[in-house]
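> I need the structure of the sequence given here:
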Amino acid sequence: MKIRHKFRRKLSVGEIIENHFSNLDAIDDKLILLVDLVHVFRPKNPDEIETVSIAELLVFLEENPHYKIILKQYLRSIIKRNKFSRLLTDAAILNDNHFFSEVRNRIFDKILPFQPEKDTLQFVLNQVFYLSTDPIWINKIPFEELQKLVKLLEVEDIYSQIKKETALSEIVIAMQLLSQRMSGRALENEVIKMVPEYASLETPFLTLEKKINKLYIALRNNPNHFVGSNDVIIKRVLKQHAACHEFINKAFFNSSKYGISLSVNQSLLRIRQQLVRLKEILQLVIVDREEDREKNSILILLKLIKYNCIKYNVRQLLLESTQIVSYEITQHTAKTGQKYATDGYKEYFKMLYAAMGGGIIVGFLCFFKLIFLKMQVSDFMHAFLYSLNYASGFIIIFLLGYTLATKQPAMTAATIAQTLDEGIKSKSEETNKHNSFAKLFARIFRTQFIAFVGNVVFVFPVALCIIWFFHFLTGHNLASTKAAKLINDLSPITSLALLHAAIAGVFLFLSGIISGSISNRNKHFQVPYRIQENPLLKLTFGIQRTKKMANWVDRNWAGIISNMWFGIFLGSTGSIGVFLGLNLDIRHITFASGNFALGLYGSNFAISLKTFIWSILGIISIGFVNFIVSFSLSMLLAFRSRNIPFSEFRLLNKSIWNYFKKAPLHFFFPLKEKVF
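Have a look, this model is predicted:
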């Protein structure tokens, strides 16, 4: 008789126990009693409850000693084998160094969880504590009540014996297995490469494994089967454990020097998780006072419930696995973004000239796209031609040292986060820290402003001159049939210009990620050094030319690849939208200005004042959406990679606003700094 929890009155503890044992023979699922008992105390919203009391169960057992004996026998009958070492060694710990494989496996296991043998503790936990929120409310049960329950049910502590399939035996097996797994993984070439300092030394993990084995012998030979916190053996184990932690921390620290791949990051993260788990388990074999025996016996059960409930947590996996890699990616973009924060008029006008150069090239790209637009070819060929047009143009802009204004937010967001992170770590006064940030933001904002001006102001006349010159040479107004579309696509009210601008903003963010990722990958695999020391290249081009080639790749390859992909993203979106039957496209402020020029010429400048005004507003809105989407996504990634609390946003916004009220022109022009 399986009791349904939904759409029924919640029974009392006494009613559940009496109903269960009175119909024991008719029940197929012997665990239903535990399931129903847990349901009595499980709150709907565990986060909103301060305390969860099991006093009702305790009172019933005290008042009904007969049922207390039956319940004790019942618990022993359903848990015949104390097998849970797999929970200790595997649950919530990475099983694979391939990130996407790990995500896929966790999602599958979350939908269809693994089920162990029925007579094991792990099976009972799977069936009874199956919600991810169960550890939250269980930890809110007063510890005194748990101790009282253990005494009422006369549960033996874990130190009574260490033979096979006892609780202490499973704990020891888990300790040994964790140390062995860490030793093997730490000896892999990719891991050792991250810590060359240990190349000629014995890895601390091998020593830890030996000391864990000695601890096991000590536990087995000790009639009490535990050690004190002052025992030499446990002190040596914990000291070696700390040395292993130092090894992993050094490897992560060296990622800024050697770069890091996702698979290496996963390997290091797995070892770190295993070290944390081992430390938690080691605490269970330490007993200094008699009451620690009972306390640790309860704690192991609480830990098992927690591990079992979070073992398929995909969100935590994503957060942990991507932090270090995203940090290295944003480190690269932060360095690139530093040049987009101008100080004086010299840098300010240098950025203007670079933006003007970018605007000139985009003017040609707008014209070429108009030619491709009129070609009667397949959607795939349109995507290819548009992508080739965009990608080649962006790469030329990059190699000539020009700039595309909307490429800056993804870089400058990382610079802002880096500056803020350094301010937090330096523990400077809050006022000084946020005031310095406000000044940096003003420098970045005015650089963005002048870059927008250079791009937008120059692309318009360049595109206009090109279409006029083509008309003059051929006698054909190339934009006449597309003029209405070119102008209408700019309107924020009659088209999806803002949505398409947001899509372009996402692509701008992704191009920044690609740039940082390529730079990190080149550093990790030592690509420039491989080129520099390649014997065939040195023989063919000479040592000096090969070195120059390596330096060129080091400086430019990440930018070339990111601009190529940015061009592909922009060029293929429309065709993908046609294939999917969706109205997908991109709008970019610089191209919008060039298309406006082409549309005006195509319509012989015969548009209404209302249309003209809405087009200008559309261009400005497109630029704002491009900026805010790419900047916001980049800031979120940068803050996440550095573990900066999002509460800092409020203080930063307040500081920026105060600075703007005091010196608004500093956000647009590099005026002399005033005391702030």
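> What residues of the helix or strand that contains residue 661 count as buried?
Element membership for residue 661, per DSSP states H and E: helix 648-662. Going by neighbour count (16 or more other Cβ atoms under 10 Å), the buried part of helix 648-662 is 648, 652, 655-656, 659-660. Just so you know, the C-beta spots here come from the backbone N, C-alpha and C atoms, and that holds for glycine as well.
> Ok, stretch 241-249 next?
Neighbour-count burial for stretch 241-249 [16+ other Cβ under 10 Å]: 241, 244-245, 247-248.
> quick revisit: ok, so of the buried residues of helix 648-662, who is nearest residue 453?
Residue 453 has its nearest neighbour among the buried residues of helix 648-662 in residue 660, at 19.2 Å by Cβ to Cβ.
> Give me the nearest residue to the closest one, chain neighbours excluded.
residue 667 (6.2 Å; Cβ to Cβ, 6 or more residues apart in numbering).
> was I right about that neighbour contacting residue 448?
No - the criterion here is Cβ atoms under 8 Å, and residue 667 misses it with residue 448 at 9.7 Å.
> Where does the prediction get shaky in the chain?
Within the chain, the stretches with pLDDT under 70 are 1-10, 23-29, 80-81, 96-97, 319-343, 407-435, 641-649, 672-676.
> how far is the longest helix out of those in it from where the chain is centred?
The residue-count maximum for a helix in the chain (DSSP state H) belongs to helix 430-474. Centre-to-centre, helix 430-474 and its host chain are 31 Å apart (Cα atoms, centre = their mean, to the nearest Å).
> which helices and strands sit right next to it?
For helix 430-474, the packing partners by 3 or more Cβ pairs under 8 Å, 6 or more residues apart in numbering; DSSP states H and E come out as helix 345-374, helix 408-425, helix 589-602, helix 609-641, helix 648-662.
> CSV please, covering those and showing distance to residue 119.
Shown next, in CSV, are these (distance: least, Cβ to Cβ, whole Å):
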stretch, distance to residue 119
helix 345-374, 69
helix 408-425, 52
helix 589-602, 67
helix 609-641, 44
helix 648-662, 52
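> what's the closest of these to residue 452?
Per Cβ to Cβ, nearest to residue 452 of those: helix 609-641, 6.0 Å.
> just how off-centre is that closest one within its chain?
Using Cα atoms, centre = their mean, the offset of helix 609-641 from its chain centre is 24 Å.
> Next, format the buried residues of stretch 241-249 as TSV and append secondary structure and distance to residue 214.
As requested, the buried residues of stretch 241-249 are exported to TSV (DSSP: H, G, I helix; E, B strand; the rest coil; distance: Cβ to Cβ, whole Å):
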residue	secondary structure	distance to residue 214
241	helix	14
244	helix	16
245	helix	20
247	helix	20
248	helix	23
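> Closest one to residue 398 out of those, please.
For the buried residues of stretch 241-249, the nearest to residue 398 is residue 248 (37.4 Å; Cβ to Cβ).
> quick one: contacts for that closest one?
Neighbour list for residue 248: 268, 271-272, 275 [criterion: Cβ atoms under 8 Å, 6 or more residues apart in numbering].
> follow-up on the earlier one: I'd like the buried residues of stretch 241-249 laid out as TSV, including distance to residue 470.
Formatted as TSV, the buried residues of stretch 241-249 follow (distance: Cβ to Cβ, whole Å):
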residue	distance to residue 470
241	73
244	69
245	67
247	65
248	62
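> which stretches of the stretch 151-300 of the chain form helices?
167-186, 189-192, 204-221, 232-253, 255-258, 262-282, 290-310 (DSSP state H, counting those that start in this stretch).
> CA atoms only for the third one, dumped as PDB, please.
Spelled out, that is helix 204-221. Taking C-alpha atoms only, helix 204-221 is exported to PDB below (Å, rounded to 0.1, in the frame of the first residue of the first chain):
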ATOM      1  CA  PRO A 204      53.700  15.000  -2.500                       C
ATOM      2  CA  PHE A 205      50.700  12.800  -3.500                       C
ATOM      3  CA  LEU A 206      52.800   9.600  -3.400                       C
ATOM      4  CA  THR A 207      54.000  10.500   0.100                       C
ATOM      5  CA  LEU A 208      50.400  11.200   1.100                       C
ATOM      6  CA  GLU A 209      49.300   7.800  -0.200                       C
ATOM      7  CA  LYS A 210      52.100   6.100   1.900                       C
ATOM      8  CA  LYS A 211      51.000   8.000   5.000                       C
ATOM      9  CA  ILE A 212      47.300   7.100   4.500                       C
ATOM     10  CA  ASN A 213      48.300   3.400   4.400                       C
ATOM     11  CA  LYS A 214      50.200   3.900   7.700                       C
ATOM     12  CA  LEU A 215      47.100   5.600   9.200                       C
ATOM     13  CA  TYR A 216      45.000   2.600   8.200                       C
ATOM     14  CA  ILE A 217      47.500   0.200   9.900                       C
ATOM     15  CA  ALA A 218      47.300   2.400  13.000                       C
ATOM     16  CA  LEU A 219      43.500   2.300  13.000                       C
ATOM     17  CA  ARG A 220      43.400  -1.400  12.500                       C
ATOM     18  CA  ASN A 221      45.900  -2.100  15.300                       C
END
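> Just the buried positions in it, please.
So helix 204-221, judged by 16+ other Cβ under 10 Å, has buried residues 204-209, 211-212, 215-216, 218-219.
> Give me the distance between the two termini of stretch 56-76.
The first and final residues of stretch 56-76 sit 22 Å from each other (Cα to Cα, to the nearest Å).
> So what touches it?
By Cβ under 8 Å, 6+ apart, stretch 56-76 touches 12-14, 17-18, 21, 33, 37, 40-41, 145, 148-149, 152-154.
> What's the local residue count around residue 289?
As a burial measure, residue 289 scores 8 neighbours (other Cβ atoms under 10 Å).
> just residue 444 next, same as before
Using other Cβ under 10 Å: residue 444 sits among 25 other residues.
> and what of the one 3 residues further on?
Neighbour count of residue 447, defined by other Cβ under 10 Å: 26.
> my guess is it meets residue 348, correct?
Yes - counting by Cβ under 8 Å, residue 447 does reach residue 348; the two are 7.5 Å apart.
> follow-up on the earlier one: between the buried residues of helix 204-221, which is nearest residue 384?
Nearest to residue 384 out of the buried residues of helix 204-221 is residue 205 (Cβ to Cβ; 51.7 Å).
> Please tell me how far residue 519 sits from residue 566.
According to Cβ to Cβ, to the nearest Å, residue 519 stands 15 Å off from residue 566.
> same question but for residue 57, I mixed them up
Residue 57 is 62 Å from residue 566, by Cβ to Cβ.
> Which of these two has more residues huddled nearby?
residue 566 (27 against 22).
> quick one: that one and residue 391, what's the gap?
Residue 566 is 7 Å from residue 391, where distance means Cβ to Cβ.
> do the same with residue 230
Distance from residue 230 to residue 391, by Cβ to Cβ: 67 Å.
> now swap in residue 640 and tell me
29 Å.
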